[in-house]
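Trainee: curious how this folds, go ahead:
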Amino acid sequence: MSSLLRRLYDLVVERLRLDRLPLRSVPYSYVSIEFWLGAIVAASFMWLAISGVLLLLYYDYTNPAEANRGLLESKPFFRPLLTSHLMAANLMILGAVAHFARNFLVGAYKKPREAVWIVGVITGFLALQTAFFGYASIGDKIAIEAINIGSGFVSNSFGEYFGKVLAALAFDVTESTRYLRVIAIHVAFALLLGAAFLLHFTLFEAHGIHPSPRETGWRDEPSRIDETRKDIAPWFPVNFTYIIVVTLGVWGIIFTLSAFLQGLGWVHQLLYQLPIFEGTPESELARPMPPWFLVYAFKLFQLTFLYLPEPIRIPVMGLELYGFSALPVFIASFVLPILVLAIIPFMARGGSTHPLDNMAATATLGLLLVYLAQLTLWGAMTLGFHSTLTAAVVFIAPALTLVPGLQMLKAAKEGENINKPAIRFLALSLLAIALPFATLIATRGYETDTGMGDAITGLLGVVFSLVYLGLVAFASFGGESEPRREEYSPPDLPTPLIAVAIVELFLVVFSAISLTLVDPTASPILASALIGLLLTSAYGVAHVAFRALTLHGKPLGSLGSELLPHSLVVLSLAVLIFVALKI
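Mentor: Sure thing, here's the model as predicted:
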C-alpha cells in the first residue's frame with residue numbers, strides 16, 4: 001500500500017513538475033512563523049477576497065444597512081461570513097505591522113531590498129484605504145460616521161471647492177447612489193491591493209528570503225541564501241505544506257476571535273464585531289469614531305493647534321485660499337507616516353543590519369509606532385479638543401524613555417560600562433511617568449474624563465516605549481548563533497505528537513458533524529466557533545504532517561516546543577465551550 005502511494009505521489013510530482021517550480025527554496029530552519037509573518041497577511045487577504053466576493057453577491061447599495069440587517073437575521077451563515085470578513089481585515093492590518101516590524105529588527109529592509117520594503121509600505125497604505133471603504137460600505141452607524149468624518153476631514157484639508165470635489169468622488173453627493181460609489185471604490189482598492197501584493201511577492205522572490213542575523217553575524221553579506229546548501233528544503237512539499245498550515249491556522253484564528261468577541265458582547269465599539277444599526281442598544285453606546293485603524297488620524301484632527309490660520313496667502317499668485325486649515329493634520333496623518341517609513345532604508349547606512357547600529361532609523365520607527373498606538377488609544381478613550389501643553393506632554397513622554405533606552409542598549413551591545421546610560425534611562429523614564437500626572441494636577445484635568453484620558457495616554461506612551469525597547473533587546477541579544485546541521489539522523493515522530501494529531505482529527509470530524517446539526521441562523525456565534533475549531537483542528541493535523549515531512553532536515557525540539565503550535569486548537573476549543581455556555 002505504501003509503495004502504491006509513493007508511486008502515485010511521484011507521478012503527480014513529475015506530471016505537474018512540482019519539483020521544478022521557479023520559486024526560491026529556503027533552509028529547513030527558516031520554515032517557521034518567525035520568517036513567515038508575511039504569510040499571515042497573505043492568508044488574511046486570501047480570506048478577504050473569498051468572503052468579499054460572496055458578500056458582494058448579496059450587496060444592496062440602495063439601502064445596505066437594512067439589507068445587511070435582514071440578511072444577518074435570515075440568511076444562514078451570513079453572520080459568520082460578514083464578521084469573519086471584518087476580522088480578517090483587522091488581522092491583516094495587525095499582521096502587516098508585525099511583519100514589517102520584524103523585518104526592520106533583523107535588517108531585511110536594507111540594500112538590496114529597499115524596493116521590497118517601499119512596495120510593502122505602499123501595500124500597507126492601500127490596505128488601510130481598502131478597509132476604510134469596506135467598513136463604510138456596510139451602511140450602519142459606524143459607516144455613516146466614518147463617511148461624515150472623512151468628508152469633513154477632506155473639506156477642511158483641501159478647501160471648500162477641492163474638498164467638495166474629493167468628497168463627491170469618494171462618497172458621491174446623493175444618498176441614493178452613495179453606497180454604489182463606496183462599494184465600487186472598495187472593490188477598486190481591493191484589486192490594487194492584490195496587484196501590490198503580487199508585486200511585493202515578486203520582488204521578494206527575486207531577492208529571496210533575508211539571511212538570518214544569527215548566521216550572518218548582523219552583516220549585510222551574503223545578501224542571499226546559498227541555495228546549494230545541504231540544509232535547503234525543497235519548495236514542494238515543504239514550503240507548500242507550510243503554506244497550508246499557516247492558511248488554516250490564520251483562518252481558524254479569524255473565526256475563533258470573531259466568535260469570542262461576539263460572545264463577549266459590548267465592551268467597546270472598536271472591539272464590537274457586528275454592524276451597529278440605528279435604534280439598537282449598541283447605537284446608544286457608540287460615539288462618532290472611524291474604524292480603529294484610522295482613529296489615530298481622527299485624534300490628530302482634534303488637535304486644533306496644528307491647524308493653519310486662515311486665509312492662506314500665496315504671494316506669488318496673489319491668491320487667498322480658505323478652508324485649508326486642517327491640511328497639516330492631513331499631511332501628519334497620511335503623508336508623513338508613509339514618507340518616514342519609505343525613507344527608513346536610506347537612513348540606515350553601513351554594512352551592519354543590527355538595529356542598534358542604525359540608531360536614527362530604529363529611534364524614528366520606534367517613535368512612529370508608539371505615537372500611532374498612543375493616538376489610537378487616546379482617540380478611543382477621549383473625544384474632545386486638547387491644549388498644546390497636554391499634547392506636548394503626551395508626545396514628549398515616550399521620547400524621554402525610548403531614546404535613552406536605545407542608548408543604554410547600544411552601550412551594552414558594545415561592551416561599554418552601562419551605569420551612566422542606565423541611570424540616565426531610569427531618571428528620564430521616571431520623569432516621563434511623572435510629567436503627565438504633573439500636567440493633570442497643574443491644569444486640574446482630574447476634574448474631567450478627558451484630562452484623565454490625557455494622563456493615561458502619556459503613561460501608555462511610556463509603556464509602549466518599554467515594549468519596543470524589549471523587542472529591540474530581544475532581537476539584539478535574545479538569539480544565540482545556530483550552527484547549520486549538514487547531516488542529521490531523524491528519530492521517529494514522537495508518540496505524543498501522533499496522539500495529538502489523532503485527537504485533532506477527531507475534532508475535525510466532530511466540528512464538521514456539529515455544523516450540520518446547528519442552526520446557523522438561530523446560533524450564529526456557535527456556528528462561527530465551530531468553523532474556527534474545524535479550521536484550527538485541520539491546522540493541527542497539517543502541522544503534524546509538516547513535521548513528519550521535515551524531520552530529516554529540521555531537528556525535533558523539546559516536547560513542549562513541538563506541542564506549542566497546537567495550543568491554538570486548545571484556544572479554539574475553549575472559545576467553543578465559552579460560547580456554548582453563553583447561549
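Trainee: can you tell me the SS state at K554?
Mentor: Using DSSP: H, G, I helix; E, B strand; the rest coil, the structure places K554 in coil.
Trainee: was I right about it contacting Y28?
Mentor: Yes - between K554 and Y28 there is a contact under Cβ atoms under 8 Å: 4.1 Å. The C-beta positions use only the backbone N, C-alpha and C, and glycine is treated the same way.
Trainee: quickly list what's touching both of those two.
Mentor: A233 (Cβ atoms under 8 Å, 6 or more residues apart in numbering).
Trainee: need the contact list for S212.
Mentor: By Cβ under 8 Å, 6+ apart, the neighbours of S212 are S29, Y30, F35, V106, E482.
Trainee: which of the residues you listed sits closest to R178?
Mentor: Within the contacts of S212, proximity to R178 (Cβ to Cβ) peaks at F35, which comes in at 43.8 Å.
Trainee: and the gap between the residue nearest to the closest one when sequence neighbours are not counted and S223?
Mentor: Of all residues not flanking F35 in the chain, I209 sits nearest, at 6.3 Å (Cβ to Cβ, 6 or more residues apart in numbering). Using Cβ to Cβ, to the nearest Å, we find I209 at a distance of 11 Å from S223.
Trainee: helix or strand for the nearest residue to L166 once chain neighbours are set aside, which one?
Mentor: Spatial nearest neighbour of L166, excluding adjacent residues (Cβ to Cβ, 6+ apart): V154 at 4.9 Å. Here V154 sits within helix 141-158, counting by DSSP states H and E.
Trainee: name the next helix or strand downstream of that helix, please.
Mentor: Heading C-terminal from helix 141-158 (DSSP H and E), you reach helix 160-171.
Trainee: the helix or strand following that following helix to helix 141-158, inter-axis angle?
Mentor: Later in the chain than helix 160-171, the nearest helix or strand by DSSP H and E is helix 175-207. Helix 175-207 and helix 141-158 are oriented at 80 degrees to each other (axes from the mean of the first three to the mean of the last three Cα atoms, to 10 degrees).
Trainee: returning to what we had before: just the buried residues out of the contacts of S212, in PyMOL syntax.
Mentor: Command for PyMOL that selects the buried part of the contacts of S212, burial taken from 16 or more other Cβ atoms under 10 Å:
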select buried, resi 29+30+35+106
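Trainee: for the chain, what helix or strand is lowest in average pLDDT?
Mentor: Here the helix or strand of the chain ranked lowest by mean pLDDT, DSSP states H and E is strand 319-321, holding a mean of 61.
Trainee: quickly list the domain ranges of this structure.
Mentor: Annotated domains of the chain cover 36-221+288-353, 252-264+490-583, 355-478 [automatic domain parsing].
Trainee: circling back to that earlier point, would you list the contacts of S212 in a markdown table and tack on distance to V544?
Mentor: Listed next are those as a markdown table, based on distance: Cβ to Cβ, whole Å:
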| residue | distance to V544 |
| --- | --- |
| S29 | 19 |
| Y30 | 20 |
| F35 | 20 |
| V106 | 29 |
| E482 | 24 |
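Trainee: return the closest of the contacts of S212 with respect to M359.
Mentor: Nearest to M359, judged by Cβ to Cβ, of these is V106 at 16.3 Å.
Trainee: what sits closest to that closest one if chain neighbours are left out?
Mentor: Closest to V106 by Cβ to Cβ, 6+ apart is P213, at 5.4 Å.
Trainee: thought the one you found was touching G107?
Mentor: Yes - P213 is within contact range of G107, at 6.7 Å (criterion: Cβ under 8 Å).
Trainee: residue ranges in the stretch 251-400 of the chain under the pLDDT threshold?
Mentor: Scanning the stretch 251-400 of the chain with the threshold set as pLDDT under 70 gives 310-323, 385.
Trainee: just the strands in it please.
Mentor: 312-314, 319-321 (DSSP state E, counting those that start in this stretch).
Trainee: give me the neighbour count for the residue nearest to L493 when sequence neighbours are not counted.
Mentor: Spatial nearest neighbour of L493, chain neighbours left out: A548 (5.4 Å); criterion: Cβ to Cβ, 6+ apart. Residues lying near A548 (other Cβ atoms under 10 Å) number 16.
Trainee: please report how far A548 lies from F506.
Mentor: 19 Å.
Trainee: before we move on, what SS does the residue nearest to L493 have?
Mentor: Secondary structure state of A548, per three-state DSSP, is helix.
Trainee: how near is the residue sitting nearest the centre point of the chain to A529?
Mentor: By Cα atoms, centre = their mean, the chain has its centre lying nearest to L94, at 1.3 Å. Distance from L94 to A529, counting by Cβ to Cβ: 21 Å.
Trainee: then E114?
Mentor: For E114, the distance to A529 - Cβ to Cβ - is 44 Å.
Trainee: the more surrounded of the two?
Mentor: A529 (33 against 15).
Trainee: setting aside sequence neighbours, what's the nearest residue to the more buried one?
Mentor: Closest to A529 by Cβ to Cβ, 6+ apart is A259, at 3.9 Å.
Trainee: quick one: the one you found and P524 touch, right?
Mentor: No - A259 is not in contact with P524 according to Cβ under 8 Å; the separation is 9.1 Å.
Trainee: between those two, who's got more neighbours?
Mentor: A259 (30 against 26).
Trainee: contacts only, for the more buried one.
Mentor: Per Cβ under 8 Å, 6+ apart, neighbours of A259: I525, L526, S528, A529, G532, V575, L576, V579.
Trainee: quick one: pLDDT of the second one?
Mentor: Here the pLDDT value assigned to L526 is 95.
Trainee: three-state assignment of it?
Mentor: Assignment for L526 (three-state DSSP): helix.
Trainee: just G38 next, same as before
Mentor: For G38, the secondary structure call by three-state DSSP comes out as helix.
Trainee: just give the nearest non-adjacent residue to it, would you?
Mentor: Closest residue in space to G38, ignoring its immediate chain neighbours: H99 at 5.0 Å, by Cβ to Cβ, 6+ apart.
Trainee: report the buried residues of the host helix or strand of that neighbour.
Mentor: Assigned by DSSP H and E, H99 falls within helix 78-105. Residues 78-93, 95-97, 99-105 are the ones in helix 78-105 that count as buried (16+ other Cβ under 10 Å).
Trainee: now the next helix or strand after that helix: buried residues?
Mentor: Downstream of helix 78-105, the next assigned helix or strand under DSSP H and E is helix 114-136. For helix 114-136, a neighbour-count test (16+ other Cβ under 10 Å) marks 116-136 as buried.
Trainee: mind listing what's buried in stretch 300-307?
Mentor: For stretch 300-307, by 16+ other Cβ under 10 Å, it's L300, F301, Q302, L303, L306, Y307.
Trainee: can you get me the start-to-end distance on that stretch?
Mentor: The first residue of stretch 300-307 is 10 Å away from its last residue (Cα to Cα, to the nearest Å).
Trainee: run through who's touching that stretch.
Mentor: So stretch 300-307 is contacted by 149, 153, 325-326, 328-329, 332-333, 375, 379, 383-388, 391 (Cβ under 8 Å, 6+ apart).
Trainee: list buried residues within those.
Mentor: The neighbour-count test (16+ other Cβ under 10 Å) marks I149, F153, S325, A326, P328, V329, A332, S333, L375, G379, H386, A391 as buried among these.
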